[in-house]
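[1] Predicted model and sequence follow; I will ask about them next.
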Amino acid sequence: MVLLRESGMTQPLIAAAMGVSLSTVNRAHMTYDAETKRRTQRENMTLEEEKALLARFAKAAGAGEMLNIHDLKAAYEKAIWHETSKSTIYNLLARHGWRKLMPRPFHPDATSQLRTLLKKMAFHML
């Protein structure tokens, strides 16, 4: 249906040629247009360009340094010549198999009283 539209046929003619209703043709065209728009909005860079950008940050990440998302976002925006959201950067990292690892600021089962007690005990052990 999409190819027939691209060749210049109108929707009523496409519906008659395909043996479907006009609303079916219209839904098929709207679905195709929405998917095409979504795909082109997401693709600011090719996969190869994304890999090259991440390669610049891979050395630091491989050496055990933490990747600063703000630095990566700034480099990405400079490469595509416009601003973007953090979710775009996180999606880029996910596409290339990078994981978000952060040290926890505290143990999830710890309480504030227990932390205070451990700090006092550690000081006395010195």
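    Cool, got the structure.
[2] Tell me how many other residues surround residue 14.
    Here the count is done by other CB atoms under 10 Å, and residue 14 has 22 residues near it. Where C-beta positions appear, they are placed from N, C-alpha and C, glycine not excepted.
[3] and it, what helix or strand is that in?
    helix 11-18 (DSSP states H and E).
[4] I'd like the distance from that helix to the chain centre, please.
    Put simply, helix 11-18 sits 39 Å off its chain's centre (CA atoms, centre = their mean, to the nearest Å).
[5] what's in contact with that helix?
    By CB atoms under 8 Å, 6 or more residues apart in numbering, the residues outside helix 11-18 that reach it are 1, 4-5, 9, 21-22, 24-26, 29.
[6] One more pass at 10 Å, please.
    With CB atoms under 10 Å, 6 or more residues apart in numbering as the test, helix 11-18 has contacts from 1-5, 7, 9-10, 20-26, 28-29.
[7] Give me the mean pLDDT for it.
    The average pLDDT within helix 11-18 is 93.
[8] can you pull the buried residues of that helix?
    For helix 11-18, burial by neighbour count (16 or more other CB atoms under 10 Å) applies to 11, 14-15.
[9] Return the distance of residue 17 relative to residue 6.
    Taking CB to CB, to the nearest Å as the measure, residue 17 falls 14 Å from residue 6.
[10] again with residue 25
    Look at residue 25 and residue 6: by CB to CB, they are 13 Å apart.
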